[in-house]
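Trainee: predicted model, plus sequence, below.
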Amino acid sequence: MGTFLFDKIIFGPVQSRRLGVSLGVNLLPVNKKICTFNCIYCECGFNGDNNTSTSTRMPSRMEVRVELETVLKQMQAENNAPNVITFAGNGEPTVHKDFEHIIDDTIALRNTYFPDAKIAVLSNATRIQKDSVFKALLKVDDNILKLDSGLETTIQLLDQPNPDFSLKKLTEGLMAFKGQAIIQTMFVRGVYQGKKIDNTIDADIKSWLELIQKVSPKSVMIYTIERDTAANGLVKVPLDELKNIAQQTEDLGISTQVSG
C-alpha cells in the first residue's frame, strides 16, 4: 500500500487498535507532512516523502470547527457514536498555532453531540514546554505522548527528532503532567542506513522502565508496526515479547495496554 497522507481535516471514523471507534482530526496540511520528528516507522512517510505541494497552510480554527460539527451532526443522525475524537493526522498536531482554542471548540462540540466520547491527542511531546500546549493537553481525556526509548541514542535513530531535542527536557516535561498523561511506545527492530535498530534490547528496556517510573503516567500503550513504514527493513516485534515488556511495566504498578 505504501505510506500516505490524510487528505481531509476530519477523517474516519476508523477502528483503532488502541482507542476503539475513532474520528480523526488532522490539523496539518492535507498535502504536506509537518512534524518535529521524522520517525523511520511513520505511516505518513518521511518528512517530505508524500508532499504534493510546498504550501504549509494549516486549516483555520473556524474550518476545523465547521467540518467537525458537520461530521458529528451526520454521525448523530445515523446513530453512529464514536468512542473517541482523535487528533493525529499528517504530523504533530500541537504545532498548530490555535491548538488550545481548537481543543476548546472540540470539547464544546463533543459535549453537544456525543458527551460520552473521549477526546485524545497523539503527540510526540516535543512541544509540551509551550504553556498553551501543556494547558490544552490537560483539558483532553487522553493526552497520549510518545516515549520510544530511555536512551537518547536510540531516539535519535528511531525518531530522528529536530536538532534541539533533549531527552532530559522531554522527561522533565512529561513529569510535569503529574500522572495525567498516557505514554505510548512503538517497539520495532530492523536495519536503517546500515545501523541496527532494536529498542527491545535489555539496555533500552531498562532505561525506558526507569523513565516510565519517573514519569509515573496514568497508563502506558505499547505497540509495534502494523502498516507500511517510512524506512524499509523494519519488522514487527512479536506479541509475546510485547506482553513481556508490558508485564514489567505492570510490575511498576502502571496499567499497560498491548497492541501487537
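Mentor: Ah, there it is. Here the structure is a predicted model, which is why all the values come from computation and not from measurement. Numbering: from 1, shown residues only.
Trainee: mind telling me what element the residue most central in space within the chain is part of?
Mentor: Note on the chain: the residue nearest the mean C-alpha position is residue 122, at 2.8 Å, using Cα atoms, centre = their mean. Residue 122 belongs to strand 118-123 when elements are defined using DSSP states H and E.
Trainee: list the strands paired with that strand, with their directions.
Mentor: Next to strand 118-123 in the sheet, as set by DSSP bridges, lie strand 84-88 (parallel), strand 142-146 (parallel).
Trainee: quick check: what element follows it along the chain?
Mentor: Following strand 118-123 in sequence order, the next helix or strand is helix 131-139 (DSSP H and E).
Trainee: what angle separates that next one from strand 142-146?
Mentor: Between the direction of helix 131-139 and that of strand 142-146, the angle (axes from the mean of the first three to the mean of the last three Cα atoms, to 10 degrees) works out to 120 degrees.
Trainee: which strands or helices does the helix ranked longest in the chain pack on?
Mentor: Looking only at the chain and at elements set by DSSP state H, the helix with the highest residue count is helix 61-77. Using 3 or more Cβ pairs under 8 Å, 6 or more residues apart in numbering; DSSP states H and E as the contact criterion, the secondary-structure elements in contact with helix 61-77 are strand 10-16, strand 20-26, helix 99-113. To be clear about C-beta, it is placed using only N, CA and C from the backbone, and glycine gets the same treatment.
Trainee: most tightly packed of those?
Mentor: Per residue and on average, the most neighbours among the helices and strands packed on helix 61-77 fall to strand 20-26, with a mean of 22 (mean count of other Cβ atoms under 10 Å).
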